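Chemist: Okay, predicted coordinates and the sequence, questions at the end:
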Amino acid sequence: MSTFRFGKRSERLGRRVGILSAAFNPPTHAHLEMARQAVRQYSLNEMLFLLPRIFPHKIYAGATFEQRMEMLQAALADEPQFSIGSTDQGLFIDIARAGRPVYGPEAEFFFLCGRDAAERIVHWDYGEGTPFPEQLAEYQMLVSPRGGAYHVPPEFAGRIHPLDLPLELEALSSSAVREASASARAWEHMVPAPVAAIIRREGLYLPA
């Protein structure tokens, strides 16, 4: 049984599915622009903002799962091409396999991530799981620059692709929002207005 749960489904379904699996702590303008550019640059039909219940490299801190889902719903309410979902899986390969019964055998999955995440994923110790080169038979990756461009290993050139983004988006990260809020500096410009309203209402990311 699939562990996918949709909180919102795109009105524009199709074979080419982008998946932005992230912590969204909180969702920022950079997340939205990254998704828009992926749709445009790689002719994606649907973009899924996916919030895992379990992360392979971090724990839940700051906003709860429920608060992050509420922020995603608020941020994407007027985006007909964007879906919102959750899953019990954290690794790309496990997410792809959980999504296969939902999207069908013909779907092509394109996972969005930054350079730092791509390097971690490519070199992750998968233990007895599926080796990374074999995973790329089940999904592709779109990698944006973050702290520098990602140089795709030649053997993966057909399955890992660059995602062009304005450099100024790097300053709009979730961690920048949290750090600014905790230091009583301006942060509202980094997130959609409905997300800012939830952060203020819930008292998130305040100084410890």
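Modeler: Nice, I can see it. Numbers count the residues shown, from 1 in each chain.

Chemist: Could you point out the longest helix of the protein?
Modeler: helix 29-42 (DSSP state H).

Chemist: average pLDDT across the next helix-or-strand element following that helix?
Modeler: The C-terminal neighbour of helix 29-42 among helices and strands, as given by DSSP states H and E, is strand 46-52. Strand 46-52 shows a mean pLDDT of 96.

Chemist: Name the SS class of G18, please.
Modeler: Recorded secondary structure, G18: strand (DSSP: H, G, I helix; E, B strand; the rest coil).

Chemist: ok, it - contacts?
Modeler: 35, 38-39, 42, 44, 46-48, 110-112, 142 (C-beta atoms under 8 Å, 6 or more residues apart in numbering). From N, CA and C alone the C-beta is placed, and that goes for glycine too.

Chemist: on that earlier part again, helices and strands around the longest helix of the chain, which ones?
Modeler: The helices and strands touching helix 29-42, judged by 3 or more C-beta pairs under 8 Å, 6 or more residues apart in numbering; DSSP states H and E, are strand 16-21, strand 46-52, strand 108-114, strand 140-144.

Chemist: and the nearest residue to R68 once chain neighbours are set aside, how many residues sit next to it?
Modeler: Spatially, and ignoring its direct neighbours in sequence, R68 is nearest to F24 (4.9 Å; C-beta to C-beta, 6 or more residues apart in numbering). Neighbourhood size, F24 [other C-beta atoms under 10 Å]: 23.

Chemist: Contacts only, for F24.
Modeler: Taking C-beta under 8 Å, 6+ apart as the test, what F24 contacts is 31, 49, 51, 68, 71-72, 174.

Chemist: Let me see the backbone angles for it.
Modeler: Backbone geometry at F24, expressed as degrees, to the nearest 10, gives phi 50, psi 60.

Chemist: Retrieve the pLDDT associated with it.
Modeler: 96.

Chemist: and if you look at the one 4 residues further on?
Modeler: What the model reports for T28 is a pLDDT of 97.

Chemist: how far away is the residue nearest to R68 from G158?
Modeler: 30 Å (C-beta to C-beta, to the nearest Å).

Chemist: rewinding a little: please identify which of the contacts of F24 is nearest to R16.
Modeler: Nearest to R16 among the contacts of F24, counting by C-beta to C-beta, is F49 at 16.1 Å.

Chemist: need the contact list for that closest one.
Modeler: Contacts of F49 by C-beta under 8 Å, 6+ apart are 20, 22, 24, 27, 31, 35, 72, 76, 82-85.

Chemist: now do 6 Å
Modeler: In this structure, F49 makes contact with 20, 72, 84, judged by C-beta atoms under 6 Å, 6 or more residues apart in numbering.

Chemist: again with P56
Modeler: 90-91 are the contacts of P56 under C-beta under 6 Å, 6+ apart.

Chemist: just S181 next, same as before
Modeler: With C-beta under 6 Å, 6+ apart, S181 has these contacts: 187, 205.

Chemist: do the same with E46
Modeler: 10, 13, 17, 83.

Chemist: Kindly report the same for A30.
Modeler: 169, 172.

Chemist: go with 7 Å
Modeler: By C-beta atoms under 7 Å, 6 or more residues apart in numbering, the residues touching A30 are 169, 172-173.
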